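Visitor: Build the 3D model from these lines:
(2 chains)
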There are 2 protein chains.
Amino acid sequence: MPKVKNDRFLRALRREPVDVTPVWMMRQAGRYLPEYRATRSKAGDFLTLCKTPELACEVTLQPLDRFELDAAILFSDILTIPDAMGLGLYFEEGEGPRFSNPVKNAADVDRIGIPDPGDELRYVTDAVSLIRRELDGRVPLIGFSGSPWTLATYMVEGGSSKTFSGIKGMMFDQPDILHRLLAKIGESVALYLQAQIEAGAQAVMIFDTWGGSLSPVHYQQFSLHYMSKIVSKLKSLPGAADVPIILFTKNGGQWLELMADSGCDALGLDWTTSLEDAKRRVGDRVALQGNLDPCVLYASKDAIRREVATTLESFGHGNGHVFNLGHGIHPGIDPEHARAMIDAVHELSRPFHT
Amino acid sequence: MPKVKNDRFLRALRREPVDVTPVWMMRQAGRYLPEYRATRSKAGDFLTLCKTPELACEVTLQPLDRFELDAAILFSDILTIPDAMGLGLYFEEGEGPRFSNPVKNAADVDRIGIPDPGDELRYVTDAVSLIRRELDGRVPLIGFSGSPWTLATYMVEGGSSKTFSGIKGMMFDQPDILHRLLAKIGESVALYLQAQIEAGAQAVMIFDTWGGSLSPVHYQQFSLHYMSKIVSKLKSLPGAADVPIILFTKNGGQWLELMADSGCDALGLDWTTSLEDAKRRVGDRVALQGNLDPCVLYASKDAIRREVATTLESFGHGNGHVFNLGHGIHPGIDPEHARAMIDAVHELSRPFHT
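Guide: Okay, the predicted model is just below:
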C-alpha cells in the first residue's frame, strides 16, 4: 500500500502538530452530491450500491475529487452486520431501513450467529481494499461500524424508532437477553472493524447514533460497556493497536469523561457541547472531532465562514482537533456550501497551528 | 378559590419538607387513557377539544379521578399562541401540527401582533378558571406555555421538523429578524402565563422541547435568554411573584447551571441526566422535577417499581424533588402501568422524608 501523502487527519487523531486543522464530513459521500445521485441511480437501489465494491469505491472518492478533504470514509451502511446475521435488511422508499426478521425474544438471540467478515461481509472488505488502492495515498481511509446498542435498536425495533419502546421494554424487563444480544453484536463489530483494518482502513469510527436516548446508568451498561470492549479488543491486536479509534455518541455530551476512559483515541462531538468545554474535560486524553451544526450549511457562505471561525476559536490553540460536522451532512445542502466550510477550515485554522 | 388540600407539589417546588414525594406526569391527560379518547372522539377534533373549556376541563380531571396524582396540568396545546397570532394552526392526521401562514421573513414578523390573553386566548383562561373551580382544592393546577424558541421552530418551519433547517437558516443568516420574532413571542408568553396565573394557575411550566437542538451559545442567545425574560417579568408582578416557575429544556442536561441562573424555581429534567448529578450541580438553588424514562412504563410492574426506586435513590434525602417522567407519557402505555409508577413513588419515597 502507498504511504499517505496528506496525514493531517492521522496526526490530529494522535494529537501531533499539523499545519492546518484537518477536515472531513460525516456522510460526505451522500445525496447532496449530484454525482452520488447519478451513481445511486445507476446502481438501482441503495443496498446494491453498498454491496458492489466498485460502486462503493466510486461514491467514496466522489467528494475527494470535488473538495480538499483530509480523509475518506468507506461508503457503506451501518446495518451491514445485522443484515449479515440474516435479519433481512430492506429499505422502503422514504421510510428508512426495515428488517424482515427482527429480534423479539431469547430464541431469536440464540439463533443469531457472528458473521464472518471474510465471507458474509466480504463485499465490505473488498470495498476497503479497492478504495485504499484507488486513493493511492492521497488521504487516509476511515472504516466504521454502528455501535452494538445502535445496531440493537434497529434489530429489536425492526427498523427506525422514535421511542425505542421495544428495545427499552427488553432492557427493563429482560436485561439478560439484551446483554446476550449486545455481546454477540459487540463480538461481530470487533471482528468487522478488525477485518476493515486488515483490508486497509487507517482509522475506525464507531457510530453510536442512539446511545444518547439512554439514562446515564443504562448508557454505561448497555452502550459504552460494549464499545469499550471493542476498543480493548482492537487495541490488543498487533495489526490494529496503532489504528486510531473514534467514538461518537450523538447527544452524549454529558458522558465525555466516561467515553474517554474507554481507551479510544478520539471522541466525535455533536454541536450541543462546546469544543472549549470538551477540551477542558477530556482534551488531555483524547483528540476531539467536530462539531459544526450541519444546519449552518443552509446559511450563506459568509455565515458559514463566521461559524467555522467560531468553532476553531472554541478549540483554540493546541493539537488534537479534527474538524467535522456534528452529524451527517443533510441531503438538501448545496455542495458549494460544503466547499465554503472546508476551505474556511484550512484557511482560518492556520494561525492556531503556529 | 378553595385552599389546596394536597400541597405536596407546591411545597416540593419551594424545597420545603413533604411527607412523600409528589408525582404527576407530563401529558397525563392524553391518548393512553380510554376516557380521554372518548372525550376526544366526542369533541370531533383536537383543536375543538382544546378550545372548549368544558371539554378541556373534563380531560384535565380524568387522570386525577383515576390516579393519586399530586398536581393537575391544564389540558391545552403548546401552539395556542401562534394560532392566536393568526398563523392558522391545523392538524393533519398522523402528521402533527401545521401552520397555513408560517413566518418566512421580516415582513411576516412585523405583521404578527401580541395576542390579548383576555380575547384571542380567552378559551384558555376560561378553562383554567373552570378547572380550578372543579378541582375544588384537591391538588394544585399547573399552567403552561411552550418556550419562545420552541414556538418559533413551529412558526418558521410551518410545523414539526427533524432538522430545523428553516429556523436555523434564519438564525445564522438573519439573527436580527429571529430576535425580533422571539421578542414578540416572549412578550406574548409572559402575558399568557400571567393571565393563566390570574385565572387560577398555581404554578407554571415552560416547555422548551427543542432548545436542546441548539449549540450552547445559541441556546443561551435564542432560547434561554427569552425564557429568563419571562421569568423576570412574572417575578416582578405582585400577583405572580410567588407562583413557582418550572423550566424544562429537553436534552438540556448540559446547561442546568445556566437555566438555574434564570431565577426560576425548578428545573424539569429528562432521563439523560441523573438526579444525583443535577442535585449536586444546582439543587441548592432550584427544585428538580423528573426524570423517569417514559419507556419504563412499557416494562412490567416489577421493573417499573425497581426503576422508581432507583430514581428516588438518585435524588436521595432532602427537599425539592417532584417526581415525573422525563418526557410526556406515550400513547401506547397501559394506564395500570402509570398507576404502578404513581403508587410506587408514594410508597417508596416515604423513607426519604423522615
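Visitor: in chain A, which helix or strand is least confident?
Guide: Least confident helix or strand, chain A: strand A:89-92 with a mean of 91, by mean pLDDT, DSSP states H and E.
Visitor: where does the nearest residue to A:Leu151 once chain neighbours are set aside fall, helix, sheet strand or coil?
Guide: Among residues not flanking A:Leu151 along the chain, A:Ile185 sits closest, at 5.2 Å (C-beta to C-beta, 6 or more residues apart in numbering or on different chains). Placement of C-beta: from N, CA and C, glycine included. Put simply, A:Ile185 is helix when judged by DSSP: H, G, I helix; E, B strand; the rest coil.
Visitor: go on, the one 3 residues further on?
Guide: Under three-state DSSP, the three-state class of A:Ser188 is helix.
Visitor: residues contacting it?
Guide: A:Ile81, A:Ala84, A:Met85, A:Ile114, A:Pro115 (C-beta atoms under 8 Å, 6 or more residues apart in numbering or on different chains).
Visitor: measure it to A:His337 for me?
Guide: Using C-beta to C-beta, to the nearest Å, A:Ser188 is found at 37 Å from A:His337.
Visitor: do A:Gly186 as well
Guide: Distance check for A:Gly186 against A:His337: by C-beta to C-beta, it reads 38 Å.
Visitor: Have a look at the two and say which one is more surrounded.
Guide: The neighbour comparison of A:Gly186 against A:His337 (other C-beta atoms under 10 Å in any protein chain shown) goes to A:Gly186, with 24 against 19.
Visitor: need the contact list for that one.
Guide: A:Pro148, A:Tyr226, A:Lys229, A:Ile230.
Visitor: ranking the residues you listed by neighbours, who comes first?
Guide: When neighbours are taken as other C-beta under 10 Å, the top entry among the contacts of A:Gly186 is A:Pro148 (30 neighbours).
Visitor: pretty sure that one is touching A:Glu187, no?
Guide: No: here A:Pro148 lies out of contact with A:Glu187, judged by C-beta atoms under 8 Å, at a distance of 9.1 Å.
Visitor: How are the helices of the stretch 1-150 of chain A distributed by residue range?
Guide: Here the stretch 1-150 of chain A has its helices, by DSSP state H, counting those that start in this stretch, at A:8-13, A:34-43, A:46-51, A:53-66, A:80-82, A:106-111, A:122-135, A:148-157.
Visitor: Switch these over to TSV; also include distance to B:Ser161 and mean pLDDT.
Guide: Shown next, in TSV, are the helices of the stretch 1-150 of chain A (distance: least, C-beta to C-beta, whole Å; pLDDT from 0 to 100):
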stretch	distance to B:Ser161	mean pLDDT
helix A:8-13	33	98
helix A:34-43	23	97
helix A:46-51	24	95
helix A:53-66	26	98
helix A:80-82	29	98
helix A:106-111	35	97
helix A:122-135	34	98
helix A:148-157	22	98
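Visitor: is it true that A:Phe352 lies in a helix?
Guide: Yes: counting by three-state DSSP, A:Phe352 is located in a helix.
Visitor: I'd like the distance between it and A:Asn319.
Guide: 10 Å.
Visitor: and A:Arg279, what does it touch?
Guide: Arg isn't right for residue A:279; it's Lys. Per C-beta under 8 Å, 6+ apart, neighbours of A:Lys279: A:Leu288, A:Phe315, A:Gly316, A:Gly318, A:Gly320.
Visitor: ok, and which of those residues reach chain B?
Guide: Among these, not one lies near chain B by C-beta under 8 Å from any C-beta of the partner chain.
Visitor: Can you add secondary structure and neighbour count and give these back as CSV?
Guide: Formatted as CSV, the contacts of A:Lys279 follow (DSSP: H, G, I helix; E, B strand; the rest coil; neighbours: other C-beta atoms under 10 Å in any protein chain shown):
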residue, secondary structure, neighbour count
A:Leu288, strand, 28
A:Phe315, helix, 23
A:Gly316, coil, 12
A:Gly318, coil, 13
A:Gly320, coil, 22
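Visitor: for those residues, which one is nearest chain B?
Guide: Sorting the contacts of A:Lys279 by how near they are to chain B, with C-beta to the nearest C-beta, puts A:Phe315 at the top with 13.6 Å.
Visitor: Tell me the residues of chain A that contact chain B?
Guide: Residues of chain A lying near chain B (C-beta under 8 Å from any C-beta): A:163-165, A:168-169, A:172-173, A:212, A:214-219, A:251, A:253-254, A:271-274, A:277, A:293-296, A:298-300, A:303-304, A:307, A:310, A:330, A:332.
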